[in-house]
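Asker: Sequence first, then the predicted structure, then my questions.
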Amino acid sequence: MAAAKRIVIVGIPGVGKTSLVNTIVEKIKSSGKTVLVKSFGSAMLEEARRNGIRDRDVIRCLPTKEQENLQRTAAERIANEECDVIIIDTHAFISTTSGYYPGLPENILRILKPTNYISVSAKPEEIYNRRMNDPTRNRDLVTMNIIKQELDLQAAVISACSVVSGSPVKPIVNREGRLVEAANDVIRAIGL
Ligand code: ATP
Ligand code: AMP
Ligand code: MG
(Lines give C-alpha, C1' and ligand atoms only; values in the text may rest on other atoms or scores of the structure.)
(Ligands and ions follow the chains in the order given, each with its own letter.)
Protein backbone atom coordinates (compact mmCIF):
# COMPACT_ATOMS: atom_id res chain seq x y z
CA MET A 1 0.00 0.00 0.00
CA ALA A 2 1.37 3.44 -0.90
CA ALA A 3 2.34 5.81 1.91
CA ALA A 4 -0.35 8.33 2.89
CA LYS A 5 2.15 11.20 2.63
CA ARG A 6 4.62 11.08 -0.26
CA ILE A 7 6.95 14.03 0.07
CA VAL A 8 9.32 14.81 -2.79
CA ILE A 9 12.29 17.04 -1.95
CA VAL A 10 14.13 18.61 -4.89
CA GLY A 11 17.10 20.92 -5.24
CA ILE A 12 20.11 21.41 -7.48
CA PRO A 13 23.34 19.55 -6.58
CA GLY A 14 25.02 20.83 -3.43
CA VAL A 15 22.05 22.85 -2.17
CA GLY A 16 21.91 20.56 0.88
CA LYS A 17 18.94 18.20 0.28
CA THR A 18 20.55 15.11 1.80
CA SER A 19 21.86 17.07 4.81
CA LEU A 20 18.41 18.57 5.25
CA VAL A 21 16.65 15.19 4.98
CA ASN A 22 19.04 13.69 7.57
CA THR A 23 18.25 16.56 9.94
CA ILE A 24 14.49 16.16 9.37
CA VAL A 25 14.67 12.44 10.15
CA GLU A 26 16.55 13.02 13.40
CA LYS A 27 13.91 15.52 14.48
CA ILE A 28 11.00 13.26 13.52
CA LYS A 29 12.55 10.24 15.28
CA SER A 30 12.96 12.25 18.47
CA SER A 31 9.21 13.01 18.33
CA GLY A 32 8.41 9.25 18.14
CA LYS A 33 6.81 9.24 14.65
CA THR A 34 7.85 6.82 11.90
CA VAL A 35 9.04 7.93 8.53
CA LEU A 36 10.93 6.32 5.65
CA VAL A 37 13.55 8.25 3.71
CA LYS A 38 14.48 7.23 0.19
CA SER A 39 17.27 8.70 -1.88
CA PHE A 40 16.16 8.41 -5.51
CA GLY A 41 19.82 8.47 -6.60
CA SER A 42 20.63 5.55 -4.25
CA ALA A 43 17.71 3.55 -5.65
CA MET A 44 19.03 4.20 -9.18
CA LEU A 45 22.57 3.29 -8.13
CA GLU A 46 21.38 -0.01 -6.61
CA GLU A 47 20.00 -0.96 -10.01
CA ALA A 48 23.01 0.46 -11.92
CA ARG A 49 25.38 -1.68 -9.82
CA ARG A 50 24.10 -4.68 -11.77
CA ASN A 51 25.82 -3.10 -14.79
CA GLY A 52 29.04 -2.46 -12.87
CA ILE A 53 28.44 1.21 -12.00
CA ARG A 54 29.74 2.10 -8.55
CA ASP A 55 29.64 5.88 -8.39
CA ARG A 56 26.32 7.78 -8.19
CA ASP A 57 27.94 10.70 -10.03
CA VAL A 58 28.41 8.49 -13.12
CA ILE A 59 24.65 7.90 -13.56
CA ARG A 60 24.01 11.29 -15.20
CA CYS A 61 26.69 10.52 -17.83
CA LEU A 62 24.96 7.32 -19.03
CA PRO A 63 22.99 7.32 -22.31
CA THR A 64 19.58 8.95 -21.78
CA LYS A 65 17.71 5.68 -22.42
CA GLU A 66 19.66 3.95 -19.63
CA GLN A 67 18.95 6.82 -17.22
CA GLU A 68 15.28 6.59 -18.15
CA ASN A 69 15.20 2.84 -17.41
CA LEU A 70 17.02 3.25 -14.08
CA GLN A 71 14.68 6.12 -13.21
CA ARG A 72 11.54 4.06 -13.83
CA THR A 73 12.83 1.06 -11.86
CA ALA A 74 13.82 3.33 -8.94
CA ALA A 75 10.38 4.99 -8.91
CA GLU A 76 8.61 1.60 -8.91
CA ARG A 77 10.72 0.35 -6.01
CA ILE A 78 10.12 3.50 -3.99
CA ALA A 79 6.38 3.48 -4.70
CA ASN A 80 6.09 -0.09 -3.36
CA GLU A 81 7.45 0.80 0.09
CA GLU A 82 4.93 0.33 2.87
CA CYS A 83 4.94 3.12 5.42
CA ASP A 84 2.89 6.11 6.61
CA VAL A 85 5.23 8.84 5.42
CA ILE A 86 7.89 8.61 2.74
CA ILE A 87 10.39 11.37 2.00
CA ILE A 88 12.06 11.15 -1.42
CA ASP A 89 15.38 12.99 -1.90
CA THR A 90 15.71 13.80 -5.61
CA HIS A 91 16.05 16.45 -8.33
CA ALA A 92 13.57 18.42 -10.47
CA PHE A 93 16.03 17.91 -13.35
CA ILE A 94 19.45 16.44 -13.98
CA SER A 95 22.18 18.25 -15.88
CA THR A 96 23.27 15.70 -18.50
CA THR A 97 25.41 15.93 -21.64
CA SER A 98 22.17 16.04 -23.71
CA GLY A 99 20.78 18.92 -21.65
CA TYR A 100 18.46 19.11 -18.66
CA TYR A 101 16.69 15.77 -18.20
CA PRO A 102 13.49 15.77 -16.10
CA GLY A 103 13.78 14.10 -12.71
CA LEU A 104 10.00 13.90 -12.45
CA PRO A 105 8.51 13.40 -15.93
CA GLU A 106 4.80 12.56 -16.13
CA ASN A 107 5.31 8.76 -16.16
CA ILE A 108 7.34 9.02 -12.94
CA LEU A 109 4.76 11.29 -11.31
CA ARG A 110 2.09 8.70 -12.12
CA ILE A 111 4.16 6.09 -10.25
CA LEU A 112 5.20 8.21 -7.23
CA LYS A 113 1.98 10.24 -6.83
CA PRO A 114 3.58 12.97 -4.69
CA THR A 115 1.32 14.61 -2.10
CA ASN A 116 3.81 17.41 -1.32
CA TYR A 117 6.81 19.02 -2.99
CA ILE A 118 9.63 20.73 -1.10
CA SER A 119 11.80 22.91 -3.34
CA VAL A 120 15.13 23.66 -1.66
CA SER A 121 17.25 26.66 -2.61
CA ALA A 122 20.12 28.65 -1.14
CA LYS A 123 22.22 31.65 -2.14
CA PRO A 124 24.10 30.82 -5.39
CA GLU A 125 27.47 31.59 -3.76
CA GLU A 126 26.66 29.24 -0.87
CA ILE A 127 25.74 26.44 -3.30
CA TYR A 128 28.94 27.09 -5.24
CA ASN A 129 31.06 26.85 -2.07
CA ARG A 130 29.21 23.75 -0.83
CA ARG A 131 29.97 21.99 -4.12
CA MET A 132 33.62 23.08 -4.03
CA ASN A 133 34.17 22.07 -0.40
CA ASP A 134 32.51 18.64 -0.46
CA PRO A 135 35.19 15.98 -1.09
CA THR A 136 32.66 13.11 -0.89
CA ARG A 137 31.17 13.77 -4.34
CA ASN A 138 32.20 14.37 -7.96
CA ARG A 139 29.90 17.30 -8.62
CA ASP A 140 30.02 19.21 -11.90
CA LEU A 141 31.98 22.43 -11.55
CA VAL A 142 29.86 25.27 -12.94
CA THR A 143 29.83 29.05 -12.81
CA MET A 144 27.72 31.11 -10.43
CA ASN A 145 25.66 32.25 -13.43
CA ILE A 146 24.74 28.67 -14.29
CA ILE A 147 23.76 28.04 -10.66
CA LYS A 148 21.45 31.09 -10.84
CA GLN A 149 19.90 29.81 -14.09
CA GLU A 150 19.41 26.36 -12.57
CA LEU A 151 17.62 27.82 -9.54
CA ASP A 152 15.20 29.63 -11.89
CA LEU A 153 14.71 26.47 -13.93
CA GLN A 154 14.00 24.49 -10.75
CA ALA A 155 11.21 26.90 -9.75
CA ALA A 156 9.63 26.57 -13.22
CA VAL A 157 9.93 22.77 -13.43
CA ILE A 158 8.59 22.08 -9.95
CA SER A 159 5.61 24.37 -10.63
CA ALA A 160 4.78 22.21 -13.63
CA CYS A 161 5.01 19.05 -11.46
CA SER A 162 2.72 20.67 -8.91
CA VAL A 163 0.11 21.41 -11.59
CA VAL A 164 0.28 17.86 -12.97
CA SER A 165 -0.04 16.27 -9.49
CA GLY A 166 -2.43 18.81 -7.97
CA SER A 167 -0.06 18.93 -4.96
CA PRO A 168 1.46 21.98 -3.23
CA VAL A 169 5.08 23.15 -3.48
CA LYS A 170 6.80 24.63 -0.42
CA PRO A 171 9.95 26.65 -1.21
CA ILE A 172 12.58 26.25 1.54
CA VAL A 173 15.79 28.26 1.85
CA ASN A 174 18.71 26.27 3.31
CA ARG A 175 20.72 29.13 4.84
CA GLU A 176 24.40 28.67 5.68
CA GLY A 177 24.83 27.01 9.08
CA ARG A 178 21.05 26.93 9.62
CA LEU A 179 20.04 23.40 8.67
CA VAL A 180 17.90 22.92 11.79
CA GLU A 181 15.89 26.04 10.93
CA ALA A 182 15.29 24.74 7.38
CA ALA A 183 14.34 21.29 8.77
CA ASN A 184 11.78 22.90 11.09
CA ASP A 185 10.33 24.82 8.12
CA VAL A 186 9.90 21.54 6.21
CA ILE A 187 8.30 19.75 9.16
CA ARG A 188 5.83 22.62 9.60
CA ALA A 189 5.00 22.62 5.87
CA ILE A 190 4.19 18.90 5.76
CA GLY A 191 2.47 18.85 9.12
CA LEU A 192 4.58 16.08 10.72
P1 ATP B 1 23.36 16.31 -4.33
O2 ATP B 1 22.19 16.72 -5.16
O3 ATP B 1 24.62 16.40 -5.18
O4 ATP B 1 23.19 14.99 -3.65
P5 ATP B 1 22.65 17.71 -1.92
O6 ATP B 1 21.66 18.75 -2.27
O7 ATP B 1 22.15 16.45 -1.34
O8 ATP B 1 23.57 17.43 -3.20
P9 ATP B 1 24.35 17.79 0.41
O10 ATP B 1 25.23 16.64 0.06
O11 ATP B 1 23.34 17.60 1.47
O12 ATP B 1 23.69 18.39 -0.92
O13 ATP B 1 25.22 19.05 0.88
C14 ATP B 1 26.32 19.55 0.10
C15 ATP B 1 27.38 20.10 1.05
O16 ATP B 1 26.85 21.27 1.67
C17 ATP B 1 27.78 19.15 2.16
O18 ATP B 1 29.17 19.25 2.36
C19 ATP B 1 27.00 19.67 3.38
O20 ATP B 1 27.68 19.40 4.58
C21 ATP B 1 26.94 21.17 3.09
N22 ATP B 1 25.72 21.85 3.62
C23 ATP B 1 24.43 21.48 3.43
N24 ATP B 1 23.59 22.34 4.03
C25 ATP B 1 24.37 23.27 4.65
C26 ATP B 1 24.09 24.44 5.43
N27 ATP B 1 22.85 24.83 5.74
N28 ATP B 1 25.13 25.16 5.88
C29 ATP B 1 26.41 24.77 5.60
N30 ATP B 1 26.74 23.70 4.86
C31 ATP B 1 25.73 22.94 4.38
P1 AMP C 1 22.00 12.49 -5.77
O2 AMP C 1 22.75 11.72 -4.74
O3 AMP C 1 20.69 13.03 -5.30
O4 AMP C 1 22.86 13.56 -6.42
O5 AMP C 1 21.65 11.45 -6.92
C6 AMP C 1 22.68 10.79 -7.66
C7 AMP C 1 22.35 10.74 -9.12
O8 AMP C 1 21.14 9.99 -9.29
C9 AMP C 1 22.07 12.08 -9.79
O10 AMP C 1 23.26 12.77 -10.15
C11 AMP C 1 21.27 11.63 -11.00
O12 AMP C 1 22.13 11.13 -12.00
C13 AMP C 1 20.45 10.48 -10.44
N14 AMP C 1 19.10 10.90 -10.04
C15 AMP C 1 18.63 11.24 -8.80
N16 AMP C 1 17.32 11.53 -8.85
C17 AMP C 1 16.93 11.37 -10.15
C18 AMP C 1 15.69 11.47 -10.85
N19 AMP C 1 14.55 11.81 -10.24
N20 AMP C 1 15.68 11.22 -12.18
C21 AMP C 1 16.80 10.86 -12.84
N22 AMP C 1 17.99 10.73 -12.24
C23 AMP C 1 18.06 10.98 -10.91
MG1 MG D 1 22.26 14.46 -1.93
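Answerer: All right, it came through fine. Residues are numbered from 1 along each chain as shown. Ligands and ions are numbered 1, 2, ... in the order given.
Asker: need the contact list for the residue nearest to Gly14 when sequence neighbours are not counted.
Answerer: Nearest non-adjacent residue to Gly14, counting by Cβ to Cβ, 6 or more residues apart in numbering: Arg131, 3.8 Å away. C-beta: built from backbone N, CA, C; applies to glycine. Taking Cβ atoms under 8 Å, 6 or more residues apart in numbering as the criterion, Arg131 is in contact with Pro13, Gly14, Arg139, Leu141.
Asker: who touches stretch 35-52?
Answerer: Contacts for stretch 35-52 (Cβ under 8 Å, 6+ apart): 3, 18, 21, 25, 28-29, 53, 56, 58-59, 62, 66-67, 70-71, 73-75, 77-78, 81, 83-91, 103, 192.
Asker: now do 7 Å
Answerer: Applying Cβ atoms under 7 Å, 6 or more residues apart in numbering, the contact partners of stretch 35-52 are 18, 21, 25, 28, 56, 59, 70-71, 73-74, 77-78, 81, 83, 85-90.
Asker: Return the list of helices and strands in contact with the lengthiest helix in the chain.
Answerer: Counting residues, the longest helix in the chain under DSSP state H turns out to be helix 144-165. When contacts are defined as 3 or more Cβ pairs under 7 Å, 6 or more residues apart in numbering; DSSP states H and E, helix 144-165 packs onto helix 106-112, strand 116-121, helix 124-132, strand 169-173.
Asker: Can you list the helices and strands that the shortest one packs against?
Answerer: Helices and strands touching strand 169-173, as assessed by 3+ Cβ pairs under 7 Å, 6+ apart, comprise strand 116-121, helix 144-165, helix 179-190.
Asker: Recalculate using a threshold of 6 Å.
Answerer: strand 116-121, helix 179-190 (3 or more Cβ pairs under 6 Å, 6 or more residues apart in numbering; DSSP states H and E).
Asker: interface residues of this protein facing ligand 1?
Answerer: Where the chain comes near ligand 1, counting by Cβ under 6 Å from any ligand atom, the residues are 11, 13-19, 130, 134, 137, 139, 174, 176-179.
Asker: Am I right that Ala48 is in a helix?
Answerer: Yes - the assignment for Ala48 is a helix, going by DSSP: H, G, I helix; E, B strand; the rest coil.
Asker: Counting neighbours, what do you get for Ile108?
Answerer: 23 (other Cβ atoms under 10 Å).
Asker: Name all residues that make contact with it.
Answerer: By Cβ atoms under 6 Å, 6 or more residues apart in numbering, the residues touching Ile108 are Ala75.
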